[in-house]
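**Q** Predicted model follows, preceded by the sequence.
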Amino acid sequence: MAHRSRSAPKVIVLIFLAALALQLAYGSAKPRAVGVGVDFELPSPPSALGLQVLSANESLAMAKLATLWLQVFDTAAGHSASWSQLNYAHLVQWLERLVQLDPNAQYPLLAATHLYGEVADLEKSRAMLDFVYARFQEAPGKRWRWLAEATVLAKHKLHDLPLALKYANALADTPKEPAVPSWARQLKWIILEDLGEVESARVVVGGLIESGEITDQNELRFLSETLRRLEQKHSNSAL
């Protein structure tokens, strides 16, 4: 009896895999409208509770299976879609489920920044960056890299400096444990300078130097040169 109970979760996973395969096969045969402004029919994922019940003690295996399903969705569904035509509300839900199944997984955040966040549709790109921001707050030590990349995307792709500053502030304000690299924390003063907040940027950089937490000589030299430049810019603006 004990052997049967241990094997049950694996049977459920296999059943779920077969169900996904059938869904993909159905999707391949189902005609889909392709055109500008048409969202592809990425289905909503099972609920978090549903996935928890289905995965039982196989949550990592379920996470890998769901990741594979999402990766091959476009091809399996018989179209060569641009990501911007996916239903991003459902896409965010899928990425959230992947993180819930495997909190250590990096793929959902990588995909959000490097794949789905790079689309031309700025609102959909913003949805991906907000997803990364929310997940960063759950585990800053594991996910700071992706929020740093989201900060850069908000600045250079969305041209939304207030949003970039929101992300940069989150990085800068993260406690030392879990540690976030100093270069990621320093994104804040770069955004402040871009916003024309030279005085604020000057205070931030000066505070970093005076804090003593920066010990690398190359980094200190870079910060000192930056501070001198900001001081000069501040002086010029006061004239």
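**A** In hand now; what should we look at?

**Q** What's the separation between Leu70 and Leu86?
**A** 10 Å (C-beta to C-beta, to the nearest Å). Every C-beta, even on glycine, is put in place using the N, C-alpha and C of the backbone.

**Q** Just give me the residue right at the centre of the chain.
**A** The residue lying closest to the centre of the chain (C-alpha atoms, centre = their mean) is Val132, at 3.0 Å.

**Q** That residue reaches Ala111, doesn't it?
**A** No. The pair Val132 / Ala111 is not scored as a contact, 10.2 Å apart, by C-beta atoms under 8 Å.

**Q** thinking again about what came up before, mind checking the SS state of the residue nearest to the centre of the chain?
**A** helix (DSSP: H, G, I helix; E, B strand; the rest coil).

**Q** That one: what's it in contact with?
**A** Leu109, Ala112, Thr113, Gly117, Arg143, Trp146, Leu147, Glu149, Ala150 (C-beta atoms under 8 Å, 6 or more residues apart in numbering).

**Q** In this structure the fourth one contacts Val152, no?
**A** Spelled out, that is Gly117. No. Using C-beta under 8 Å, Gly117 makes no contact with Val152, being 10.7 Å away.

**Q** Looking at those two, which one has more neighbours?
**A** Gly117 (26 against 17; other C-beta atoms under 10 Å).

**Q** Gly50 versus the more buried one, what's the distance?
**A** Counting by C-beta to C-beta, the gap from Gly117 to Gly50 is 27 Å.

**Q** Leu101 too?
**A** 12 Å.

**Q** Which residue of those two possesses the greater neighbour count?
**A** Leu101 (23 against 12).

**Q** so who does the closest residue to the more buried one other than its chain neighbours touch?
**A** Spatial nearest neighbour of Leu101, chain neighbours left out: Ala63 (3.7 Å); criterion: C-beta to C-beta, 6 or more residues apart in numbering. Counting by C-beta under 8 Å, 6+ apart, Ala63 touches Leu98, Leu101, Asp102, Ala105.

**Q** Leu70 is in contact with the last one, correct?
**A** No. Taking contacts as C-beta under 8 Å, Ala105 lies outside contact range of Leu70: 11.9 Å.

**Q** Find the residues that touch each one of these two.
**A** Common contact partners of Ala105 and Leu70 (C-beta under 8 Å, 6+ apart): Leu98.

**Q** Scan the contacts of Val132 and report the most crowded one.
**A** Ala150 (32 neighbours).

**Q** That one: which element?
**A** helix 140-156 (DSSP states H and E).

**Q** For stretch 128-144, buried residues please.
**A** Within stretch 128-144, the residues that count as buried by 16 or more other C-beta atoms under 10 Å are Met128, Leu129, Asp130, Phe131, Val132, Tyr133, Arg135, Phe136, Pro140, Lys142, Arg143, Trp144.

**Q** cool, and stretch 82-90?
**A** Trp83, Ser84, Gln85, Leu86, Asn87, Tyr88, His90.
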